[in-house]
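A.B. asks: This is a predicted model, with the sequence first.
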Amino acid sequence: MDYNFNEIEPKWQRFWRDNKVYHVENSSKKPHYYVLDMFPYPSGAGLHVGHPLGYIASDIYARYKRLRGFNVLHPMGYDAYGLPAEQYAIQTGQHPAKTTEANIARYREQLDKIGFCFDWDREVRTCDPKYYKWTQWTFLQLFNHYYDEAQQKARPISELVKQFEEGDERAPEWNSMDERQRQELLMQYRLAYLADIPVNWCAELGTVLANDEVVNGLSVRGGYPVERKLMRQWSLRITSYAQRLVDGLEQVDWSDSLKEIQRNWIGRSEGAAVWFPLDVKSNDNVLPGAQAYMPQFDPQPVPSFEIFTTRPDTIFGVTFMVLCPEHELIDEITTPEQKAEVEAYVTWAKNRSERERQAEVKKVSGVFTGAYAINPLTEERIPIWVSEYVLAGYGTGAIMAVPAHDSRDFAFARHFNLPIRQVVSMEKDVTSDPAKWSESMDAKTGWSVNSGFVTGMKVKDAMKAVIDKIEEMGIGHRTVNYRLRDAIFSRQRYWGEPFPIYYKDGIPYPIPEECLPLELPQVSEYKPTATGEPPLGHAEMWAWDEKKRQIVSKSLIDNVNVFPLELSTMPGFAGSSGYYLRYMDPHNDDAYFSPSAVNYWQNVDLYVGGAEHGTGHLIYARFWNKFLFDIGMSVKDEPFQKLVNQGMIQGRSNFVYRSKADNGLFISKGLIKNMDDVTPIHVDINIVNNDILDIDKFRAWRPEYANARFELEDDKYICGWEIEKMSKSMFNVQNPDDLVERYGADTLRMYEMFLGPVEQAKPWDTNGIEGVFRFFKKFWRLYHDEQNNYAVVDEEPTKAELKILHQTIKKVTDDIERFSFNTSVSTFMICVNDLAQAKCRKRAILEPLAILVLPFAPHIAEELWHLMGNESSVCDAQWPEYDESHLVEDSFKYPVSFNGKMRFTVDLPNGCTQDEAVKAIKDLDEFKKWTGGKEPKKIIFVPKRIINIVC
RNA sequence: GCGGAUGUGGCGUAAUUGGUAGCCGCGCUAGACUUAGGAUCUAGUUCCUCACGGAGUGGGGGUUCGAGUCCCCCCAUCCGCACCA
């Protein structure tokens, strides 16, 4: 073989490693550039071809930037804590650290084979105590800070304490509080805080499950019952940053769809909070002694409740109110006559799982409390209902229902025969009878009608007018609501970061910073304890000696000097939220990262990864970074300047078709008359080539197919195919190692890019890889003669050859800049085809070309670079400059179209005017043919573009 | 239901500003070289038509000298969110 990738690739991988070619310093005269891949979890299954897609794209960009003279940071590491390793530990007793170590080794081996330019000296692992020391440290900072709403930034909790001591109105009794009261109050401000949060508790598994781990009220694993239960959990007050998380999206260079996903997730909605007074007269048996409510609406003396609405302008159309089943007011206001019915409903609704409530969206349910509220603007009595369509966790858990202009209110009103009153019309002053409507009018446009002082106003103006009015009346205010929830930060798991927290009398206290890291203890079992404690409950050495400042045996707990430590661990996103900052200074034992490192690198310039992190990781990491920014650690408010989402790689499954009539017979795809006569069976894609089944391998694949018989077409068995998720069970998983072995890493890299735009989801299909491999063989032959001897010569290149080169430089440069790697691969193919045609072996052409190819195919580039006599790595070469003078032509081949349809082309000199062009083509036979000899109506001449004749 | 994205040959795709639709590759067809081909090279390959020519970028309409590209309506597929007031 002439192009011997098997020899070339390991050789240069060794060279790069031995010469530390990819080592990066934290200082340089060069401009800096930070390229980052999303943190991989090292799963036991290893890499499949979908994983490296993004790594290859970012590797190309990183190498390109380096060639353009940048000092490029391109690190890699492992998000090493996670459930699969723990699950495996529970099953086998093997320590998750061991499993993780083995998986990382396998990942590393696979990554190395593909020839990435990672600086492995900077590798981090979230499960390494030297790393998670800083995860714990950040947690303590969160614990010790609160969010100052006025300044819109985090500030030390000690400053808040000082304000309280000086008689802040938020805590007038501070100075007379005891320690417990003070800590409980502070807990309401800390950015990392403990709170009772409803979770999916599975008693059988002794653990809390995520929503997607619960189906129909049962755990996915094991099928055990799951209940909603309040549990004391650590949470991060990410909601304080909601506004900044929305605003920050304006500054970053991400796709619109990803920004939209984040905006939806944060779910900002503007509206008004309004206090509705209860009609206490009608409820005086429930609320004895209540005072008159009119005309003064001060919410304090008059019993009232708060609602949130995004449509304050429709307040004149309120015909009922709805409380969520969890609302605390229900017990107080329900009339004796309604009591039984309401209690039954509330019990029923509370016991319904999230699933059920979601599945039956269309069903309307609810119950009247018997109580009334007063519309503060119209002074009407409005019935108060309870329904599960109002959610406890959003707004205030209570709404004013405007059935004419909200589809859910509308459905509810129709179901319970409640009045519907139109207060907005599409056309000014044109109303219709809502009784005849089939649906509500939800649009936020139009004019207010039947609405007192706002009648005749546009919706937008009416909103403002109503809010102004209620503010003036002192019964409400303009406000903003977010869908975003605080992030639950406790996990009842073993394989995660321990919290540096111990408990004195049930009050959490931080371990001193100097004592970090608090290392994960050994446990006898990875399961929860018999009493339902998290796995750390099994740890013997798991108590804190406050005096000695060290971990001691649990048996020494006396709650005087020795206290119990927190038993939960942190979730996966703890370690992966700030890892990009740690890469800047990964071995620093005195700080998360040094100011000089972060001042040099600033933030990530390019972040590449899957869109599946759109709501999880990317929100948490932005929050984490903003907090670190507030406390003066990170220097940019946003962590990831530009972000490219790689598309998912789907699997392409192959099928054989077994006859239903004859169990041993397999019918080739094209011969099947009726699909009902056959059973499609997944077949391993590794024994199929271009959809043709390797019959011998198929017989050997499974014992039951040893004697399989086939109905062939053209002596071949043609398989069917389908695009599905890449998964083991569908036998469509493509492992990069197999391809590297067969075609080499350069071909794999180039082929993954050739598949299509990086951002687009696409099926994996090896049918085209041969073409890319052929390209490399052709490319190799440019530098070698027929006997495979190096044959580059030092002759002057021709004009034509220079044109080919500079066209390629221009196109490839542009393509890389806009992440259009698939088109650069085509460009290389065209270039090599053209140069082969021209039999060009000239150094002046081939040397720059090797540099151009380097980002895509580093091994062959390095080999050719050295063959051409260079000593240092091609990675340190300079990107060729595009020279336009080589592309200038004397003439342009004009397409000539008639009525927009292209008919022929004509070569005209540069600078040709319309008159000259017309003169030149008028006498051509082709011209006469298409005009039919008649005078054209109009001629459009666009220089260097087109000539269009209208006739 | 709401939001986002995508629809181009048998397949993956290209066409960067409204200006020659189908580049490049796979596959396929024919040929050359060869003991052989899963090697290499040459030619062809959107569809209909012997051809002249016609049609053609999910469908329908529009703007324009000219539309894959811009505007309106519809359809399909994928992704995200979803009783969010």
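C.D. replies: Nice, thanks for sending it over.
A.B. asks: Please identify which helix or strand holds the nearest residue to residue A:325 once chain neighbours are set aside.
C.D. replies: Distances taken as C-beta to C-beta, 6 or more residues apart in numbering place residue A:349 nearest to residue A:325, at 4.0 Å, with adjacent residues excluded. Quick note: C-beta positions are derived from backbone N, CA and C, even for glycine. Here residue A:349 sits within helix A:336-351, counting by DSSP states H and E.
A.B. asks: Report whether the expected contact of the residue nearest to residue A:325 with residue A:365 is present.
C.D. replies: Yes. Counting by C-beta atoms under 8 Å, residue A:365 is a contact partner of residue A:349 at 7.5 Å.
A.B. asks: Now the common contact residues for those two.
C.D. replies: Common neighbours of residue A:349 and residue A:365, using C-beta atoms under 8 Å, 6 or more residues apart in numbering, are residue A:388.
A.B. asks: quick one: the closest residue to residue A:19 other than its chain neighbours from residue A:16, how far?
C.D. replies: In this structure, residue A:19 finds its nearest non-sequential neighbour in residue A:873, 7.0 Å apart by C-beta to C-beta, 6+ apart. To residue A:16, residue A:873 is 7 Å away according to C-beta to C-beta, to the nearest Å.
A.B. asks: still on that earlier bit, on contacts alone, who are the packing partners of the helix holding residue A:349?
C.D. replies: For helix A:336-351, the packing partners by 3 or more C-beta pairs under 8 Å, 6 or more residues apart in numbering; DSSP states H and E come out as strand A:367-374, strand A:381-386.
A.B. asks: Need the residues that contact the first one.
C.D. replies: Right, the one you point to is strand A:367-374. Contacts for strand A:367-374 (C-beta under 8 Å, 6+ apart): A:276-279, A:282-283, A:286, A:293-294, A:304-305, A:321, A:323, A:330, A:333-338, A:341-342, A:344-345, A:380-387, A:416.
A.B. asks: Let's see it as PDB, backbone CA atoms only.
C.D. replies: Extracted in PDB, the C-alpha atoms of strand A:367-374 (Å, rounded to 0.1, in the frame of the first residue of the first chain):
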ATOM      1  CA  VAL A 367     -65.000  22.500  42.900                       C
ATOM      2  CA  PHE A 368     -66.600  25.600  44.300                       C
ATOM      3  CA  THR A 369     -65.500  26.700  47.800                       C
ATOM      4  CA  GLY A 370     -68.700  28.500  48.500                       C
ATOM      5  CA  ALA A 371     -66.600  31.700  49.200                       C
ATOM      6  CA  TYR A 372     -66.500  34.900  47.200                       C
ATOM      7  CA  ALA A 373     -63.900  37.500  46.500                       C
ATOM      8  CA  ILE A 374     -64.500  41.100  45.500                       C
END
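A.B. asks: what mean pLDDT does it have?
C.D. replies: What strand A:367-374 shows for mean pLDDT is 91.
A.B. asks: before we move on, what about the shortest one?
C.D. replies: Strand A:381-386 comes out with an average pLDDT of 92.
A.B. asks: Check stretch A:695-709 too.
C.D. replies: Averaging pLDDT along stretch A:695-709 gives 88.
A.B. asks: So is that stretch next to RNA strand B?
C.D. replies: No. Stretch A:695-709 lies apart from RNA strand B when judged by C-beta under 7 Å from any atom of the strand; the minimum separation is 9.4 Å.
A.B. asks: hey, C-alpha coordinates of that stretch in PDB?
C.D. replies: Provided in PDB are the C-alpha atoms of stretch A:695-709 (Å, rounded to 0.1, in the frame of the first residue of the first chain):
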ATOM      1  CA  ILE A 695     -24.200 -14.300   3.800                       C
ATOM      2  CA  ASP A 696     -21.300 -16.300   5.200                       C
ATOM      3  CA  LYS A 697     -20.900 -13.900   8.100                       C
ATOM      4  CA  PHE A 698     -24.600 -13.900   8.700                       C
ATOM      5  CA  ARG A 699     -24.700 -17.700   9.000                       C
ATOM      6  CA  ALA A 700     -21.900 -17.500  11.500                       C
ATOM      7  CA  TRP A 701     -23.500 -14.600  13.400                       C
ATOM      8  CA  ARG A 702     -26.100 -16.600  15.300                       C
ATOM      9  CA  PRO A 703     -26.500 -20.300  15.600                       C
ATOM     10  CA  GLU A 704     -30.100 -20.200  14.500                       C
ATOM     11  CA  TYR A 705     -29.000 -18.700  11.200                       C
ATOM     12  CA  ALA A 706     -26.400 -21.400  10.400                       C
ATOM     13  CA  ASN A 707     -28.600 -23.100   7.900                       C
ATOM     14  CA  ALA A 708     -30.400 -20.000   6.700                       C
ATOM     15  CA  ARG A 709     -31.600 -20.100   3.100                       C
END
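A.B. asks: Roughly how far does residue A:550 sit from residue A:535?
C.D. replies: Using C-beta to C-beta, residue A:550 is found at 22 Å from residue A:535.
A.B. asks: which residue does the stretch 801-950 of chain A bring closest to RNA strand B?
C.D. replies: Closest contact between the stretch 801-950 of chain A and RNA strand B, by C-beta to the nearest atom of the strand, is at residue A:900 (2.8 Å).
A.B. asks: for that residue, phi and psi?
C.D. replies: Note on residue A:900: its backbone torsions stand at phi 90, psi 0 [degrees, to the nearest 10].
A.B. asks: And for it, nearest residue in space, chain neighbours not counted?
C.D. replies: Residue nearest to residue A:900 in three dimensions, not counting chain neighbours: residue A:948, with 6.4 Å by C-beta to C-beta, 6+ apart.
A.B. asks: surely the one you found meets residue A:894?
C.D. replies: No. Counting by C-beta under 8 Å, residue A:948 does not reach residue A:894; the two are 10.2 Å apart.
A.B. asks: So for these two, which sits in the more crowded spot?
C.D. replies: More crowded of residue A:948 and residue A:894, by other C-beta atoms under 10 Å: residue A:894, with 22 against 19.
A.B. asks: Now for that one, which secondary structure element holds it?
C.D. replies: Going by DSSP H and E, residue A:894 is in strand A:891-898.
A.B. asks: Now the closest residue to RNA strand B within the stretch 151-300 of chain A: phi and psi?
C.D. replies: The stretch 151-300 of chain A approaches RNA strand B most closely through residue A:257 (2.6 Å), counting by C-beta to the nearest atom of the strand. Here the main-chain torsion angles of residue A:257 (degrees, to the nearest 10) amount to phi -70, psi -40.
A.B. asks: quick one: it from residue A:648, how far?
C.D. replies: 14 Å.
A.B. asks: same check, this time on residue A:123
C.D. replies: To residue A:648, residue A:123 is 26 Å away according to C-beta to C-beta.
A.B. asks: Same question for residue A:859.
C.D. replies: In terms of C-beta to C-beta, residue A:859 sits 27 Å off from residue A:648.
A.B. asks: Kindly report the same for residue A:655.
C.D. replies: Distance, residue A:655 to residue A:648, by C-beta to C-beta: 22 Å.
A.B. asks: Among the two, which residue is more densely surrounded?
C.D. replies: residue A:655 (21 against 16).
A.B. asks: which residues touch the more buried one?
C.D. replies: A:680-683, A:719-722.
A.B. asks: Serialize the helices and strands packed on helix A:336-351 to CSV and add fields for distance to residue A:316 and mean neighbour count.
C.D. replies: Shown next, in CSV, are the helices and strands packed on helix A:336-351 (distance: least, C-beta to C-beta, whole Å; neighbours: other C-beta atoms under 10 Å):
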stretch, distance to residue A:316, mean neighbour count
strand A:367-374, 14, 23
strand A:381-386, 12, 21
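A.B. asks: What ranges does the stretch 851-951 of chain A have for its strands?
C.D. replies: A:891-898, A:901-909, A:938-942, A:946-950 (DSSP state E, counting those that start in this stretch).
A.B. asks: Including distance to residue A:54 and mean pLDDT, could those go into TSV?
C.D. replies: As requested, those are exported to TSV (distance: least, C-beta to C-beta, whole Å; pLDDT from 0 to 100):
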stretch	distance to residue A:54	mean pLDDT
strand A:891-898	40	88
strand A:901-909	40	86
strand A:938-942	41	88
strand A:946-950	40	88
